[in-house]
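Novice: show me the folded form of this:
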Amino acid sequence: MTTETKTNNGRTLRGTVVATKMVDTCTVAVERYVKHPKYKKFLKRTSKFLVHDAGNTANVGDKVEIIEVRPISKRKSFAILTVK
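Specialist: Predicted structure coming up:
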């Protein structure tokens with residue numbers, strides 16, 4: 001018999017908690033900078049993700065690190081890794 005360990009090769013992102021109104025779920029805003037193709041100016045782009053937060057440990061304004069996991073619901077496929 002062989003023992004296999006599963007590794008998580010999902011994305012790891014850092015963001016800020018913006019809402020905690022649901023049970024075991026919070027909304028995290030992740031900001032990134034992209035360069036405009038013509039004007040070469042850097043623009044700030046924000047994406048919001050629904051994140052699984054077992055036990056509602058995060059509060060609004062917390063900096064969190066999230067990791068991609070298997071789909072938990074229709075829009076929720078990230079989980080909180082660390083709360084800072």
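Novice: tell me where this structure has strands.
Specialist: 12-22, 25-35, 42-52, 63-68, 76-83 (DSSP state E).
Novice: was I right about R70 contacting K76?
Specialist: No: the criterion here is CB atoms under 8 Å, and R70 misses it with K76 at 10.3 Å. Bear in mind the C-beta positions are built from the backbone N, C-alpha and C, glycine included.
Novice: could you check which of those two has the larger neighbour count?
Specialist: K76 (16 against 8; other CB atoms under 10 Å).
Novice: okay, and for this protein, where does confidence drop off?
Specialist: Counting by pLDDT under 70, the chain shows low-confidence ranges at 1-7.
Novice: centre-most residue in it?
Specialist: Central residue of the chain (CA atoms, centre = their mean): I66, 4.0 Å from the mean position.
Novice: hang on, that one packs against L81?
Specialist: Yes: using CB under 8 Å, I66 is in contact with L81, at 6.1 Å.
Novice: overlap in contacts, the two.
Specialist: T12 (CB atoms under 8 Å, 6 or more residues apart in numbering).
Novice: next, the contact list for the closest residue to A54 other than its chain neighbours, please.
Specialist: Nearest residue to A54, sequence neighbours excluded (CB to CB, 6 or more residues apart in numbering): D24, at 5.7 Å. By CB under 8 Å, 6+ apart, D24 lies in contact with H52, D53, A54, G55, N56.
Novice: how many other residues sit next to the second one?
Specialist: For D53, the number of neighbouring residues by other CB under 10 Å comes to 23.
Novice: mind checking how far it is from E68?
Specialist: 15 Å (CB to CB, to the nearest Å).
Novice: likewise the third one?
Specialist: The gap separating A54 from E68 is 16 Å, by CB to CB.
Novice: repeat for the first one
Specialist: Distance of H52 to E68, given as CB to CB: 11 Å.
Novice: anything in contact with each of these two?
Specialist: In contact with both H52 and E68: F78, using CB under 8 Å, 6+ apart.
Novice: what's the residue nearest to the centre of the chain in contact with, if anything?
Specialist: T12, L13, R14, G15, V28, V30, F49, V51, F78, A79, I80, L81.
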